[in-house]
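**Q** Fold the following and give me the result.
(2 chains)
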Amino acid sequence: MNYVIIELANYIMVLLLGIYTLLSFVALKRVENDNRKGIYAVLAIMTFLILSTGMITIYLYELEHPVLEQPTNYILCLFFAQVIVLIFICTLFSLIYTGFSRLALNHMCLMLSVGFIIQTRLSMVDHTLNHAIRQFIIIAISLILFLIIPAVIKHCNFLRKLTYVYGICGAAALGIVLTLGRSVNGSKLSYNVFGLTFQPSEFVKIFFAFFLAGLLYKTYRLGKITLSAILASIFVLTLVASKDLGSALIFYLMFVVVVYTASGRLRYFIGGLIGMGGASFVAYQLFEHVRIRIAIWQDPWTDIDRTGYQLTQSLFAIGTGGWFGMGLGRGTPETIPFVDEDFVFSAISEEMGVVFGLLLIMVLLNVVLLYLYTGMRIHDRFYRLVAVGISVSFATQIILTIGGGTRLIPLTGVTLPLISNGGSSVMATIILFAVMQGIYMLRYEELEGGHTTVEEES
Amino acid sequence: MKKNRSFIVINVMYALIFLGMMINIVWFMLFHSQEAITNSYNNKRLDVLAAQNYRGTIYAASGEILAETMLDVSGNEIRKYPYGDLFAHAVGYASNGGAGIEAMANINLINSSIGLSERVDNEINGVKNPGDSVYSTLDMDLQQIAYDSLGMYRGAIIVTEVKTGRILAMVSKPGFDPNEIDVLWPELVEDQESTILLNRATQGLYPPGSTFKIIVALEYIRENPDTYMNYTFNCNGSITRDVSRINCYHGANHGSLDLTSSFAKSCNSSFANIGLTLDRSRFADTLLSLLFNSELPVDMPYSQSHISMRSDMTTMEMMQTSIGQSETVMTPLHLNMITAAIANQGVMMQPYMIDSVVCANGTIVVQNTPIVYGTVMSAEEATILTAMMVEVVEHGTATKLSGQNYTAAGKTGSAEYSDNTGESHAWFTGFAPVEDPQIAVTIILESAGAGGDYSAPIARRIFSKYFE
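**A** Reported below is the predicted structural model:
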């Protein structure tokens, strides 16, 4: 029986995720329709089954081919803990709140589940589950924030008045990294607080979304836009100076899209994109590390054992894994440096299959579309802009990490939200999901409170 | 509505980018994943596959086993090559980095396409899965006759099917016994001089000598489509232009010649004369279209043929180049591809050695089919060249091939490789039967002497075997 499960696991997970993806798009289409309870139940069951199949496969494979120095049962304990925490948080969330997005809640659980599976697997490269357990604890703590934050969004109306608090805190956090931060691979991304490595740019993204919304939600005259451009450039340039180019790009795009949404003027958007091209060109001229990244992207093969190593190993992993993957535990994702963070998508493709990876991209797209719809539907201009900023941050981050690892675009070294290893990233993303839930509920209250629907108004 | 336009723009933009990411991945899987998988820097992943499955078997076209994995008494896997030296370079070896079909089809051989239920059965019984098998295009009889005919000479023979590009025989000497490769390896690594691992058929770079006159003749016909048949030259054993002198082979005096007889008798003086009349930039274009100085459309390791064709070349350099000497070098594989293209009415096929990959349960995993590289000359040009190459066999330097029950066409070459000794490599390249060409044969014997004397008879043996 064990062997049957090990061999069939990837096909089962592809089937489950396939059903999940299909239904999530059905649910997205009917987002204003209340007749969806059945779909959400199926989505929840699919999520549970994917997590179970993945974790049980890892457990069974470990029984046959032991690598752990810890007792094998730790895997099952971790699995039970994961299930209990997810069920507990979802139940509690449903009890506390009404009018939230069940689809977004489900998506968060699914992404966390895929993260649990792959991080447990990658943790075993070191013959322990310590990394996976540590990541799980951070997630569990973050999920408590997930319960609290929507209430804050709903009830604290003063949040829209703290524009410069967000701005100063965000800029300060980035400034501290630049001056005191720890340098990894030439980029300064993090600093240590109480022995924990803390990567502020992940959190500052949310601050930045609030900051931009606060600046622009009342007026979007040219003067205000110029002011916001100057202030936003402080953020972006600080990140460039820290050599955190991926985050710099995300912040820049957030700014461009929020200005576009606030003003509704396409020329700002197009101008912003042209400006991005110009800035990239200048960065290419100025910085050696940018030129190296571009060179690797154009041709990773000639310097395969040095600069091209990471990207080529990523491509090998995806290619060798094939459409249905090597099976959890059976690949060699550890040959890719930073596989658990920047290249987690390659590890998923190698062991769980490219088809699974493609379906996962579709689910991630579903999240992006859901968030953009949420922003589009809410009347509150402040939260409308917050939602846009957060959606752009989330979507761009996914594009940079998956596109980078599959050689669509140059590598920038960012994480895959909720799936990559890294406490700051996962905590910030859970907060992001919480904020979006809060915004979704505000929209629900608008509807309840007799606001006209968008369709009628337009 | 205007209020929401920005959302729709952003929506569409992100949906398109996400779609682009998915297409990019699918594209990579379909068209580039094979190169990535077989890359030598991917060895750790390949080791994982190899540990899960037994390496598959390699077969000749007619089903003989050329390489298989067996278990010795203590249960270790050993790779057996039943024919020893015979297929050394074509089939290659699996260890020490791999070579030949073993390397080209490595991923297929270590991968297993058997069904899930069989996999589960094997896992329960604790046995490995059988890797997929590879059926080559190699023909036992032709390989044997080519191998025997090469005898003690250093050199190479390659035989291909002109209409498909299937490689029927490929021999390189000196060779080695792939069964002994692990024993030989340390010695070979020590000995920088040894070339026994080199596949001379695809990687050996030789001056083409007089076989290159095929290409010079093609260019002359191209530049003089209406008057080439009026060409005349009076040979008195040498030609002198601008104080540079070219001699005919062994100083032979060929007398009064036209283009066909210059070609049939392989008159160096006449071809040096023709070469000086050619438009060098057009010639350079022709050479490029025939894949000189460029990549060949094959998936096996090979060397690039090299030639210099510039407007500032001296008279001597141009005359030397016109008779296939000077800096020009090419591989037997490349010359064979051009020969086969002439036989195939100007259409060059991509040579290949792997016919199919078959799963242990009998289903075909990959079936290779002939691939047209392109039309490298017009059918008319191919017909004219064929007629000239028939004349070589009937009345020229390759008369040792005449009088058979089939009509062959070809060109000999005696390529001088040293300035002072006058020793030469013996070339022959040709095809048969002329009426409906089937196979192209290219032969080089290092330091043997004249192509007509040494290589043409080998071609006769191979043709005779094939048409038997």
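**Q** okay, CA-based contacts and neighbour counts for the rest of this
**A** OK.
**Q** For chain A, which residues score under the pLDDT cut-off?
**A** Low-confidence regions of chain A, defined by pLDDT under 70, span residues A:1, A:30-35, A:182-189, A:191-197, A:450-458.
**Q** Spell out which parts of it neighbour chain B.
**A** A:3-4, A:7-8, A:257, A:260-261, A:264, A:266, A:304-305, A:312-313, A:315-320, A:322, A:330-332, A:358, A:361-362, A:365, A:369, A:372-373, A:376, A:395, A:399, A:402-403, A:406, A:408, A:458 (Cα under 8 Å from any Cα of the partner chain).
**Q** Only the buried subset of those residues, as a PyMOL command please.
**A** Applying 16 or more other Cα atoms under 10 Å in any protein chain shown to the residues of chain A next to chain B, the buried members can be selected in PyMOL as follows:
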select buried, chain A and resi 3+7+8+257+260+261+264+266+304+312+313+315+316+317+318+319+320+322+330+331+332+358+361+362+365+369+372+373+376+395+399+402+403+406+408
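**Q** Identify the residue spatially nearest to A:Met362, adjacent ones excluded.
**A** A:Thr21 (6.8 Å; Cα to Cα, 6 or more residues apart in numbering or on different chains).
**Q** From chain B, how far out is that neighbour?
**A** 14 Å (Cα to the nearest Cα, to the nearest Å).
**Q** Also A:Thr72?
**A** 21 Å.
**Q** Is that residue in contact with A:Glu64, as I believe?
**A** No. Shown here, A:Thr72 and A:Glu64 do not form a contact pair, counting by Cα atoms under 8 Å, at 10.7 Å.
**Q** In terms of secondary structure, what does the helix or strand encompassing B:Val189 contact?
**A** According to DSSP states H and E, B:Val189 maps onto helix B:181-190. Using 3 or more Cα pairs under 8 Å, 6 or more residues apart in numbering or on different chains; DSSP states H and E as the contact test, no helix or strand touches helix B:181-190.
**Q** For the stretch 251-400 of chain B, just list every one of the strands.
**A** For the stretch 251-400 of chain B, the strands defined by DSSP state E, counting those that start in this stretch cover B:255-257, B:347-349, B:354-358, B:364-367, B:372-375.
**Q** Select, out of those, the one closest to chain A.
**A** strand B:364-367 (14.6 Å; Cα to the nearest Cα).
**Q** In this model A:Ile117 seems to touch A:Met55, though I could be wrong.
**A** Yes. Counting by Cα under 8 Å, A:Met55 touches A:Ile117, with 5.9 Å between them.
**Q** Check whether the helix ranked longest in chain B comes into contact with chain A.
**A** Taking DSSP state H as the criterion, chain B has its longest helix at helix B:2-27. Yes. Helix B:2-27 lies within reach of chain A by Cα under 8 Å from any Cα, at B:2-7, B:10-11, B:14-15, B:17-18, B:21-22, B:24-25.
**Q** B:Arg461 versus B:Phe467, what's the distance?
**A** 10 Å (Cα to Cα, to the nearest Å).
**Q** Out of the two, name the residue with the larger neighbour count.
**A** B:Arg461 (15 against 11; other Cα atoms under 10 Å in any protein chain shown).
**Q** Was I right to think the more buried one contacts B:Ile145?
**A** Yes. Between B:Arg461 and B:Ile145 a contact is recorded at 7.4 Å, counting by Cα under 8 Å.
**Q** Are there residues contacting both of these two? Which ones?
**A** With Cα atoms under 8 Å, 6 or more residues apart in numbering or on different chains applied, the contact sets of B:Arg461 and B:Ile145 do not overlap.
**Q** Residues of chain B that sit close to chain A?
**A** B:1-7, B:10-11, B:14-15, B:17-18, B:21-22, B:24-25, B:28-29, B:33-34, B:36-37, B:41-42, B:44-45, B:48, B:116, B:119-120, B:123-124.
**Q** Now the buried members of the residues you listed.
**A** Buried among the residues of chain B next to chain A by 16+ other Cα under 10 Å: B:4, B:6-7, B:10-11, B:14-15, B:17-18, B:21-22, B:24-25, B:28-29, B:33-34, B:36-37, B:41-42, B:45, B:119-120, B:123.
**Q** Report the lowest-confidence entry in the residues of helix B:2-27 next to chain A.
**A** Scanning the residues of helix B:2-27 next to chain A for pLDDT, the low point is B:Lys2. It has 54.
**Q** Run through the strands of the stretch 51-200 of chain A in chain order.
**A** Counting by DSSP E, counting those that start in this stretch, the strands of the stretch 51-200 of chain A are A:182-184, A:187-193, A:196-198.
**Q** Check the burial of residue 348 by counting its neighbours.
**A** Using chain A here. A:Ile348 - counted by other Cα under 10 Å - has 31 other residues nearby.
**Q** Chain B is the one I meant
**A** B:Met348: 26 neighbours (other Cα under 10 Å).
**Q** got it, and A:Leu49?
**A** The number of residues near A:Leu49, taken as other Cα under 10 Å, comes to 17.
**Q** go on, A:Phe356?
**A** 25.
**Q** Now do the contacts for it.
**A** By Cα under 8 Å, 6+ apart, the neighbours of A:Phe356 are A:13-14, A:17, A:324, A:348-349.
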